[in-house]
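**Student:** I would like the atomic coordinates for the input below:
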Amino acid sequence: QLYTWEFTGTNEEQLQQWRAEGFDVNPGFGSVTLAYLDNLGRIAGGHDKAGTIGDFFVSVLCDESLVGHVMSDQMAVSFGLAEGRKWVGSAAEPGNWQKLLASIVAPETRVGKTTMAGRVR
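**Tutor:** Now for the predicted structure:
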């Protein structure tokens with residue numbers, strides 16, 4: 001399933017708790033969307049990854065050469081509940097939606113080799 005950053009479903013109580021803990025989160029952030037969907041019981045075994053649209057394009061471009069489920073630290077911060085190269089707050093705890101999160105890597109990290117050349121016509 002694909003949800004855009006404009007998705008506004010949220011658990012207001014959870015959002016307020018994260019803000020009280022000092023996290024800058026808003027509806028539309030990936031972490032907020034995942035927590036909301038998990039609260040509705042919509043995160044199930046059929047999902048294995050979550051990320052930004054940029055991460056999706058990297059996975060398409062690199063295909064099988066992708067070194068794993070990774071996300072740059074800039075993308076992770078935009079996803080919410082990330083500081084530096086680690087998940088924080090509820091994102092760092094074990095759970096249904098947390099297991100979908102990527103490993104956070106430095107922006108200059110090589111994560112694969114593009115394989116799209118020759119396929120585009």
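**Student:** which ones are touching Phe23?
**Tutor:** With C-beta atoms under 8 Å, 6 or more residues apart in numbering as the criterion, the residues that contact Phe23 are Gly80, Leu81, Val88, Gly89. Yep, even glycine has a C-beta here, placed from its N, CA and C like the rest.
**Student:** just want the phi and psi numbers for it.
**Tutor:** phi -90, psi 140 (degrees, to the nearest 10).
**Student:** from Lys99, how far off is it?
**Tutor:** Note on Phe23: its distance to Lys99, by C-beta to C-beta, to the nearest Å, is 20 Å.
**Student:** swap in Lys49?
**Tutor:** Between Lys49 and Lys99 the computed distance is 10 Å (C-beta to C-beta).
**Student:** over to Glu13?
**Tutor:** In this structure, Glu13 and Lys99 are 23 Å apart, going by C-beta to C-beta.
**Student:** now Glu6. Nearest residue, chain neighbours left out?
**Tutor:** Nearest-residue entry for Glu6: Gly28, 6.0 Å, with adjacent residues in sequence omitted and distances by C-beta to C-beta, 6 or more residues apart in numbering.
**Student:** hang on, Lys49 in a strand?
**Tutor:** No. Note on Lys49: no strand contains this position according to DSSP: H, G, I helix; E, B strand; the rest coil, which reports coil.
**Student:** that one: neighbouring residues, count only.
**Tutor:** Each residue near Lys49 was counted by other C-beta atoms under 10 Å, and the total is 13.
**Student:** and for Ser59?
**Tutor:** For Ser59, the number of neighbouring residues by other C-beta under 10 Å comes to 16.
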